[in-house]
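Trainee: Below are the sequence and a predicted model; questions follow.
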Amino acid sequence: MITTGQKIAIQRTDASRLPSTDLDNIKFGRVFSDHMFVMDYVDGAWQKPRITPFADMRMSPAALVLHYSQTIFEGLKAYRTEDGGVSLFRPKDNIARMNRSAHRMCMPTIPEDLFLEALTTLVDVDRAWIPDGDGAALYIRPFMFASDEYIGVKPSDTYRFIIFTCPVRGYYSEPVRVKIETTYSRAFPGGTGEAKCGGNYAGGLYPAKMGQDAGYHQLIWTDGLTHQYIEESGTMNVFFNVDGKLITPALDGTILRGVTRDSIIRIAKDEGFEVEERKVSVEEIVEAARAGKLISAFGAGTAATIAHIASIAHGDEVFELAEISERRISERIGTVLDGIRRGKEADKFGWLVRV
Ligand code: COI
């Protein structure tokens, strides 16, 4: 049984860290707002939804998550809008994705109305933490982990769900250099590639480090079976502008169902650009780059938003991509996306939820 309609108890901090925080100079993911939302899944129901001061917590060294990675997370953002308000961007899509991840990882789902209320209440409590300006937002991190004290391998009976927030500015400070990865894999058919679970990211650390040691910011992952098809880039979905057409790998169960990815596709189509979601082979992208038809490429994610790709390496070849003046499609989509988020453009897709 799942409990809904519970009132969220709020305990405010009496020692805000905001006065000693410089919101103009923040590193991504290093600064945390004053409060967090917490709720526990015990005896088959979500219990005691509450907002408390952001603080360390106690857990057993035997907590299942620490051993077998039964944990999932989300990332979404709240923005200051032109009219002085605050909006969440597509929170219902993140809620739906988190519940899909929960299902895949044998974890309890979270009632959508309670999840949304937790998000809006938490952001409201810490609204003074939302930075203003280009690229600025409140990054929101909901996550859930298995808390049973047990070292046998099984789905936990108890879970903790937490949401905390971080004021952020840009994720990447410059266009990224990427390498097409054809040795290591992020996901496989039938695996957990589509779920936003911690293990997917842990498994990517070593190949990413190898890439970073060789001078690349990120990898472009290829399919785990043949390494012939492009999947995603690091922690982002990936798009290519080939000869004026926007191409992105189709969702096939191994690729993260990006909310930013979907927003870009919908805006691009609405702006009259041609978009293709399909299998994208490495060979096709390399051939396009060799022929000078790969006009630009970019990663898309909540944290990074649109991260332009400066160069793509494949084997011994490195393809340098267009300078800013040639990023017409992605620049236009980025402007519309940012305009909607900040209330400068009409919310024609119904994506914003006011706080
Ligand atoms: C996001 O874009 O929100 C992500 O989840 C990427 C994160 C690993 C920084």
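Mentor: Received, thanks.
Trainee: What about residue 180, how many residues nearby?
Mentor: Residue 180 is flanked by 20 other residues according to other Cβ atoms under 10 Å. Just so you know, the C-beta spots here come from the backbone N, C-alpha and C atoms, and that holds for glycine as well.
Trainee: before we move on, what about residue 346?
Mentor: Residue 346: 8 neighbours (other Cβ under 10 Å).
Trainee: Got phi/psi on it?
Mentor: The phi/psi pair for residue 346 (degrees, to the nearest 10) reads phi -60, psi 140.
Trainee: Distance-wise, check it relative to residue 61.
Mentor: 52 Å (Cβ to Cβ, to the nearest Å).
Trainee: now do residue 242
Mentor: For residue 242, the distance to residue 61 - Cβ to Cβ - is 51 Å.
Trainee: ok, those two, which is more surrounded?
Mentor: residue 242 (20 against 8).
Trainee: Apart from its chain neighbours, what residue comes closest to the more buried one?
Mentor: Distances taken as Cβ to Cβ, 6 or more residues apart in numbering place residue 288 nearest to residue 242, at 4.7 Å, with adjacent residues excluded.
Trainee: One more: residue 117?
Mentor: Nearest to residue 117 is residue 8, by Cβ to Cβ, 6+ apart, at 6.5 Å.
Trainee: Number of residues surrounding that neighbour?
Mentor: Counted with other Cβ under 10 Å, residue 8 comes out at 16.
Trainee: From the ligand, how far off is it?
Mentor: 24 Å (Cβ to the nearest ligand atom, to the nearest Å).
Trainee: Which residue ranges of this structure form helices?
Mentor: For the chain, the helices defined by DSSP state H cover 64-68, 91-104, 112-125, 198-213, 259-270, 282-290, 328-341.
Trainee: The residue of the chain found nearest the ligand - how many residues pack around it?
Mentor: Nearest residue of the chain to the ligand (Cβ to the nearest ligand atom) works out as residue 75 at 2.3 Å. Residue 75 is flanked by 17 other residues according to other Cβ under 10 Å.
Trainee: That one against residue 143, yeah?
Mentor: No - counting by Cβ atoms under 8 Å, residue 75 does not reach residue 143; the two are 9.5 Å apart.
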